[in-house]
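Participant: Provided below are the primary sequence and the corresponding predicted coordinates.
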Amino acid sequence: MLGKYLENVRKNHPLIHNITNYVTANDCANILLACGASPIMADSAEETAEITEKCAGLAINLGTLRKDVIPSMLAAGKKSNELMHPVLLDPVGAGASEFRTKTALLLLRELSFRVIRGNASEINTLAAGTGSTRGVDADQTDIVTASNIDSTIAKAKGLARMTGAVVVITGEIDLVVNKSRAYSIRNGHPMMGKVTGSGCMLSSLITAFISANPDSIFEAVVAAVCTMGLCGEVAAGRMQGQDGNASYRNYMIDAVYNIVPEELELGARYSTEIGEA
Amino acid sequence: MLGKYLENVRKNHPLIHNITNYVTANDCANILLACGASPIMADSAEETAEITEKCAGLAINLGTLRKDVIPSMLAAGKKSNELMHPVLLDPVGAGASEFRTKTALLLLRELSFRVIRGNASEINTLAAGTGSTRGVDADQTDIVTASNIDSTIAKAKGLARMTGAVVVITGEIDLVVNKSRAYSIRNGHPMMGKVTGSGCMLSSLITAFISANPDSIFEAVVAAVCTMGLCGEVAAGRMQGQDGNASYRNYMIDAVYNIVPEELELGARYSTEIGEA
Amino acid sequence: MLGKYLENVRKNHPLIHNITNYVTANDCANILLACGASPIMADSAEETAEITEKCAGLAINLGTLRKDVIPSMLAAGKKSNELMHPVLLDPVGAGASEFRTKTALLLLRELSFRVIRGNASEINTLAAGTGSTRGVDADQTDIVTASNIDSTIAKAKGLARMTGAVVVITGEIDLVVNKSRAYSIRNGHPMMGKVTGSGCMLSSLITAFISANPDSIFEAVVAAVCTMGLCGEVAAGRMQGQDGNASYRNYMIDAVYNIVPEELELGARYSTEIGEA
């Protein structure tokens, strides 16, 4: 069932506008190319609205946030909303500084997002309207495990209800939640946490999937999260000898380049969660 | 014949000043080191003129353009012009936004460029003084093929006449054109389009070649374009099993690191085009 | 003896705040993850003090310096000093422009650094309070060799006395110097000079080591420099066939990911230098 969402990315070649950070921009661009989409990175207020018009979707990422880029995000987001292009928010480091938390909350107020993707600490911060995050990684206590999955789903549903967005929490178990549904995804590999920008790359990938599948946002998100996790597994299977996290990064992007719909169908491990009603 | 231009890069180790984007800066730096040159990236108005003085050449790249970097570009460009250092313009996304188009045209008015390198849409935009580009890739209708090569050469010659620069259009077929000559280059591989920054890397590489061969700009550009294309072919020949575009990126830079003048001589596939008179 | 400093990085997982350049930020983040630390890159004045509070150490790097980031550096540095977090300065390109030289000297006046790491030209510039550097590489005449090692140590000691910092000069021979001690380190490989950001990566790595070993700064620096050099050797041993500097970059980070304390013990080649008294 999920294969067709990948197929649509390969068929439609969506051009994805990224307003993102300088740490992982290169990897985000290459993973977009790997999945069949095209990237454009542009963050000047002079052009973001115009650039977004030519694109199929927009990913806003708060890593290495600068004050002068906030108007660029708002301009691009408003234009995308107007044109009904799907917009994703990756609130990198929300909770780690008031600046990032407030900016994320401002964006949530001003713009309409189809997807919000973060780690558990970032999503908790947005759900609570405040929070504390250790750097750009999830706090140890926030990581989604079998024991806290229900309460995490409850928080994600709260944020989904507030925003109308599909909320994605990535971690040991990934969750994809909207106001009425919750899926857990058990693809992925611990090595993904040893590569900078795994989360950013997934956010760009999700944006490609939803832009190519605008009528099936929830399913397209599940497909993108499974694709990334599965490619993390494929990359891990390729590790040998002296390989480390640098090789792993390349293997992960390579795997996205090579994955075909049938492999996604076979390898995706997702299931419905009942969670808190 | 082309080998000596590569040899001069290896011999002279030109220091290349790059005012460029944050998406592909790392790859541009590594490809400059690969070919035997040295990179410096600096884009603050406080220092660009002074930095450029210590360099042999300057590459100005409009990817992720910010308004406050335009004075930096002008300052570095004017100083380079004054010192007769070769300057290259890579008008990334000209045509995709008015901001980029206008900035590119401003730079063309204010500075003297030895080389302008872009895809067909970007060059068409500059040749026309206006235009429409889909993101940072060439529009499908603009891609240089056997059927539109003559009209594309005519446009490139127009821009070459207007600016005095050698104009390079990269695509399926690459073109190197000045007001009186036109070469087509048939090196390269489709995988190059699957790596972010192939164009940016080529622009940095060309700048190294012309800086090390200031008396043979046209030939040095042809040599650089052939080198990049040939290295794209070598990289493709190295692909196996689970390799994808991330591995390909590394292979391409590796190939530039390893190529020797004799291989360039043997592998370069260029020919004179008559084009439109 | 050095193994335990690496072990402490792996045990304490220090979160390292990097205010750095966009060229090598991705590699710095991945090498931090490779050694067992975690990276956060943040350079907005709105948040750098707050971000640094949640971190164990701070690396300030002047590559691609922008004027508006100087207050961010000062705010983060002052907060780190207040909290007794170790702070490292990497004065990339000091001497190459007045802007970088003056900014480095300003930071030295305003902040207390535990470590200053640069190439010989950059350190000479800071020691003299002025200088000339060719781009971001050391001038040929400045490179540390057997014949100039004594005078270089004298300069480094001068800077160490003035600032209270451990001074690290990297080159063919690496030097780690404080006001009373001087070590030379003979690990490393010439290929490291063919990868952009080898120096930046080492600076981030050193920051991780000193943050995890706050009571043994000098030894932790020696351990970090040996680790990086040794990993450069391991990476060189892995090169084959068509590998070049792009593969080498990955191998170097991979080697940091895989190195265990015993290998560091066995492979580290350091010795006390008497230098100038």
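Facilitator: Received the coordinates, thanks.
Participant: who in chain A is up against chain B?
Facilitator: Counting by Cβ under 8 Å from any Cβ of the partner chain, the residues of chain A close to chain B are A:15, A:22, A:25-26, A:29-30, A:33-34, A:38-44, A:46-47, A:50-51, A:54-55, A:234, A:238, A:249-258. Backbone N, C-alpha and C define where each C-beta goes, glycine included.
Participant: what do you get if the cut-off is 6 Å, keeping everything else the same?
Facilitator: Counting by Cβ under 6 Å from any Cβ of the partner chain, chain A comes close to chain B at A:15, A:22, A:25-26, A:29-30, A:33-34, A:38, A:40-41, A:44, A:46-47, A:50-51, A:238, A:250, A:253-254, A:257-258.
Participant: give me the subset of these lying in helices.
Facilitator: A:25-26, A:29-30, A:33-34, A:50-51, A:238, A:250, A:253-254, A:257-258 (DSSP state H).
Participant: between the residues you listed, which is closest to residue B:98?
Facilitator: residue A:50 (6.5 Å; Cβ to Cβ).
Participant: any weak-confidence spans in the stretch 101-250 of chain A?
Facilitator: A:130-135 (pLDDT under 70).
Participant: how close does the residue of it found nearest chain C sit to residue C:253?
Facilitator: With Cβ to the nearest Cβ as the measure, residue A:244 is the residue of the stretch 101-250 of chain A nearest to chain C, at 2.9 Å. With distances taken as Cβ to Cβ, to the nearest Å, residue A:244 is found 6 Å from residue C:253.
Participant: most distant residue from the middle of chain A?
Facilitator: No residue in chain A sits farther from the centre than residue A:241, which is 31.2 Å out by Cα atoms, centre = their mean.
Participant: would you confirm that residue A:9 contacts residue A:36?
Facilitator: Yes - using Cβ atoms under 6 Å, residue A:9 makes contact with residue A:36 at a distance of 4.7 Å.
Participant: who has more neighbours out of these two?
Facilitator: Legend: neighbour count by other Cβ atoms under 10 Å in any protein chain shown for residue A:9 and residue A:36, higher for residue A:9 (24 against 20).
Participant: in chain A, mark out all the strands, start to finish.
Facilitator: For chain A, the strands defined by DSSP state E occupy A:15-19, A:38-41, A:57-61, A:87-90, A:115-119, A:166-170, A:174-177, A:182-185, A:270-272.
Participant: how about those strands in a markdown table, adding mean neighbour count?
Facilitator: Formatted as a markdown table, the strands of chain A follow (neighbours: other Cβ atoms under 10 Å in any protein chain shown):
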| stretch | mean neighbour count |
| --- | --- |
| strand A:15-19 | 27 |
| strand A:38-41 | 25 |
| strand A:57-61 | 28 |
| strand A:87-90 | 28 |
| strand A:115-119 | 29 |
| strand A:166-170 | 29 |
| strand A:174-177 | 27 |
| strand A:182-185 | 22 |
| strand A:270-272 | 12 |
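Participant: which of those strands sits closest to residue A:264?
Facilitator: Nearest to residue A:264, of all the strands of chain A, is strand A:270-272, at 10.9 Å by Cβ to Cβ.
Participant: counting by contacts, list what the closest one packs against.
Facilitator: strand A:182-185 (3 or more Cβ pairs under 6 Å, 6 or more residues apart in numbering or on different chains; DSSP states H and E).
Participant: I'd like to know how many residues surround residue A:121.
Facilitator: For residue A:121, the count of nearby residues is 26 (other Cβ under 10 Å).
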